[in-house]
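Student: sequence first, predicted coordinates after that:
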Amino acid sequence: MNRPTDPRSVVMNLPRRDAQDKLTGRTRYTSDLAGVEVLHAAIVRSTVASARILRMDFSPAIAMKGVRAIAQASDAPGLFGIGIADHPLLNGTRIRFKGEPLAAIAADTLDIARAAAAAVIIETEPLPAVMTMADALAPGAPQVHPEWKSYELLREGGIRGGNIAWEARVTRGDTDAAFARPDVTIVEDCFQVGRQNQLPFEPRCAVASYEDGRYHIHTSTQVPWTVRAVTAKTLGVSASRVRVTVPAVGGGFGLKFDCTIEPIAAILAQKTGRTVSLVHSREEENLTCLCRENAEVRIRSAVTAEGDIVGREATVLMDCGAYGGEQVFLTTMTAHTLGGNYKLGSVRMNSRAVYTNTPPNGAFRACNGVYNTFFLERHTDNIAKAIGMHPMEFRRRAVLGDGDIGATGQVFQGEVLRPMLERMAALRDKTPDCREQADGRLYGRATTVGTWFIFVGPSSATVNLNADGSATLVTSGVEIGSGTMVQSLPQIVAATLGLSPDEVIVKAADTDAAGRDLGVGGGRATVSIGAASKMAAERVRDQILDIAAEMLQAQPEDLVLTQGRVEIAGRPGTGMPITTAIARAEALHGPVSGNGNFTAPGVQAMPGCAAGHFIDAIDIPVFAVHDCEVAVDPDTGHVDVLSYKVVQDVGLALNPRAIHSQIQGGVVQGLGYALHEKITIGLDGGLEQPGFEHYLVPLACDVVPVKIDLYEGAPSIGPLGTKGAGEVPILNVGATVACAVSRAIERDVWELPLTPPQVLSVLQGRTGRMDHSHLSAVWQENLLEFVAPHRSLDHS
Amino acid sequence: MPIELNINGDTITLEIDPRTPLLDVLRDRQRLTGAKAVCREGFCGACTVHVDGQPVPSCLRPVGMLQGCRIVTVEGLAPSGTLNRVQQAFIDHDVVQCGMCFPGMVMTLTEFLDREPSPSRDQIKTALVGNICRCTGYERIIDAVLSMQTEAAK
């Protein structure tokens, strides 16, 4: 039965059910679980970036009183990774970055574990290292993975070789012809960005035990099913022997797609028969943080005087650090982020994940999109300037509209970006500008656009309708703070079943209870888990309506579930409490439950456009328009953000107040990225910001209230037309601030973050035009030869 | 020498290394995990508790310095099952996200508002300079605090 749930019954500013415990200190996060009754573990880490391990002597550690077990490379034989299995859990042979885990020790107390870890004798022979992407790409550069050809490929179609972990390309149309046209202006730019630390307040941590021959891991993760799979793969055991449960998570922002802590805790639990807690110290957490990667680009465009982009070429370098990780997958995204926003007559783009002897990078809110949007929007301003068109006018003409095709040839549906630009213009008109607040400083303002997407993929859900009229929702969802588990999911299920959201119990992730799920991130939770939950609830609803129809001698389609009752539509009070129908259903058939599932529908791309891509098209595009005013102090280079405005494409806003919170928080993380969150890498290959003293995140006095307009109604396959709203707010903050600063100082801005010394250097002309000599101006020269897939995957 | 202090109304005696941070005593020995060990350097404020009425980062207070002190943690701020007005304002305005910073925020703002009942927006922001939040972007926290004055004026 296909009866639509009325969106009006689902939209509400539902408060969070977890707020009271979080505010009174009662919530137990993973890092709060372990007391003195359990063992505590510490990791033995490399102190150099590149070396062969000659000998590891654990005897001084073993001799210490209170040491219970040691985990080492031989305990975790399997390599893991995304696309390529290149990553050992514990390295016993060849060190590839400073801080790499080599072993781990469980002891009666954390102090003993740390002392024992420090006592392990490690003899190494230094190997040459590459610390930057330019070094890694130089002819004859030392290889981070000389054995790269022998790695298991987890995904076919990869283009790789030497220090190029993965290359993803897109080619549509004839760019050579476009650039050769006599009527075009050619604009070429190079840009770069540094790393950004997610810095969730709860570090990566896990508490593991070994029960009835199975590993049980409590962990602070966004991806319980990935933890289950990676633990099994590294330990070489069946995945069915791993159970993952997830308490409240103290922030994720993408970092907790990582799975390097959990299998170590699992090994130590199995060896000791005890519960083992492994919690990163702040220093460990920061120095091995799987940051948003540093990246570099060369981009050039051929543009007509009317503002048509007839050709675009770009090569993006993404530093994956010592292991491929997320960056391998994220190479795919360049086509949709740097290749997004605008209509392109022809395009070719190449995105390369590059190995270096530095700590591996990872996923961070709107990964890949944040810097590519900075690159794209600054490049767009330069194009507008070169052809003498106002940057807003250029954007109004050039943005993607209904029926336009994206970089990989997918057809965009609906006119979204252009009306969003209109809405931003209206929002700007409503509030006076802040020019006066600049008070003698240099004033700048910019409006930018951004294209992101919802990373859909598989989710499952079960709804049990209980005899008391409440419902229990069982999914693998995780509450990382964004509110999905405490707001949008109970809202969706409650609306479908005519209950109030507080009558919907939401079970926290437990891989023994719920089906497989891709995890919470990529803006997907409300969409994918929400769709599965809605389907499960609808199946429950249909059973109840059938039963009630018999009891009321009515047709099921004439009945509605509302306020805990089954009613004949339009005739309130004629039906019965839902508990009466449940009791009847239980008597006839047994307890009432329903299952739901969801996966990516797979939007069509143009055949042959993309190579090395994990996805060919984006299932749910999401657009954002941001506007920012800045004042720049010409004497110090300090940038003050005076105002910030966001128009965000949200599909349907299930909980507008919660979305506003996500936008305020996401924008502020973006301001940190744009202005002062700076990570440097030392000559020894180590990150140089071990704590909050040197890694500067925004404080209350650094931020402004964001003015927000939620744009509803754009097409979405999400349940009730929703789109994820939590990931995208950070997308074009770096871009918008950079464009505003560039206009304020009337100089090109090539790099983020715009720290005062950086801005002053640009302002005073000490920073010249950026030119990446390791990125050829001839696009084809930045390509690897295609290497045939590994034989074992050659099914032909 | 044994160290005697009062935590949330209970007097306890500790025979431990006097250099042990108060934070570790609270979390490991008393299992009061409301104070969070986030930076352990005094910057983030997530471990803020009241020592003799003053909000301090408990990671930077060796227990040996706290002989006879009265400690109140977020668990002891209001009688069990009730909320103080800062906590209530945060619920009413739905400002919590991951929640790790909020125990510290509550401790800082509760004492601040006792001292400064009608603060300006800028004064609240300055009061929060030692409390970092990575999720919320602060402004809605400030809105919630300002709303308390409006409520009080009614």
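Tutor: Yep, that arrived.
Student: right, and residue B:118 touches residue B:150 too?
Tutor: No. The criterion here is Cβ atoms under 8 Å, and residue B:118 misses it with residue B:150 at 10.6 Å. Placement of C-beta: from N, CA and C, glycine included.
Student: and the two? Which one has more around it.
Tutor: residue B:118 (11 against 8; other Cβ atoms under 10 Å in any protein chain shown).
Student: any idea whether that one is helix, strand or coil?
Tutor: Residue B:118 carries the three-state label coil when classified by DSSP: H, G, I helix; E, B strand; the rest coil.
Student: what does residue A:185 give?
Tutor: strand.
Student: quick check: it vs residue A:771, distance?
Tutor: When distance is defined by Cβ to Cβ, to the nearest Å, residue A:185 is 19 Å away from residue A:771.
Student: repeat that for residue A:587.
Tutor: Taking Cβ to Cβ, one finds residue A:587 at 78 Å from residue A:771.
Student: all helices of chain B, in order?
Tutor: Here chain B has its helices, by DSSP state H, at B:22-24, B:85-92, B:102-115, B:121-127, B:139-153.
Student: what residues does the last one touch?
Tutor: Under the criterion Cβ atoms under 8 Å, 6 or more residues apart in numbering or on different chains, residues A:660-661, A:664, A:700, A:703-706, B:85-86, B:89-90, B:92-93, B:95, B:105, B:109, B:113, B:117-119, B:121, B:124-125, B:128, B:133 lie in contact with helix B:139-153.
Student: could you list the buried residues of it?
Tutor: B:139, B:140, B:141, B:142, B:143, B:144, B:145, B:146, B:148 (16 or more other Cβ atoms under 10 Å in any protein chain shown).
Student: report the helix or strand with the lowest average pLDDT across chain B.
Tutor: Ranked by mean pLDDT, DSSP states H and E, the weakest helix or strand in chain B is helix B:139-153, scoring a mean of 90.
Student: tell me the contacts of residue A:533?
Tutor: Contacts of residue A:533 (Cβ under 8 Å, 6+ apart): A:461, A:463, A:473, A:475, A:489, A:492, A:493, A:596, A:719.
Student: out of those, which one has the weakest pLDDT?
Tutor: Lowest in pLDDT among the contacts of residue A:533 is residue A:719, which has 92.
Student: so that one touches residue A:530, yeah?
Tutor: Yes. Judged on Cβ under 8 Å, residue A:719 makes contact with residue A:530 at a distance of 4.6 Å.
Student: for the residue in chain A that chain B sits nearest to, give me its contacts.
Tutor: As assessed by Cβ to the nearest Cβ, chain B sits closest to residue A:25 within chain A, at 1.9 Å. When contacts are counted by Cβ under 8 Å, 6+ apart, residue A:25 touches B:32, B:33, B:34, B:35, B:73, B:74, B:75, B:103.
Student: secondary structure element holding it?
Tutor: Element membership for residue A:25, per DSSP states H and E: none, as it lies in no helix or strand.
Student: from residue B:73, how far off is the residue nearest to it when sequence neighbours are not counted?
Tutor: Closest residue to residue A:25 apart from its sequence neighbours, by Cβ to Cβ, 6 or more residues apart in numbering or on different chains: residue B:34 at 1.9 Å. Residue B:34 sits 6 Å away from residue B:73, taking Cβ to Cβ as the criterion.
Student: any common contacting residues for these two?
Tutor: A:25, B:103.
Student: now stretch A:34-49, how far from the centre of its chain.
Tutor: Relative to the chain's own centre, stretch A:34-49 is displaced by 27 Å; criterion: Cα atoms, centre = their mean, to the nearest Å.
Student: residues of that stretch that come out buried?
Tutor: For stretch A:34-49, the neighbour count (16+ other Cβ under 10 Å) marks A:34, A:38, A:39, A:40, A:41, A:42, A:43, A:44, A:45, A:46, A:48, A:49 as buried.
Student: just to revisit the earlier point, so which of the contacts of residue A:533 sit within strands?
Tutor: Taking DSSP state E, the ones among these that sit in strands are A:461, A:463, A:473, A:475, A:596.
Student: roughly how far apart are the last one and residue A:463?
Tutor: What that stands for is residue A:596. For residue A:596, the distance to residue A:463 - Cβ to Cβ - is 8 Å.
Student: right, I'll leave it there.
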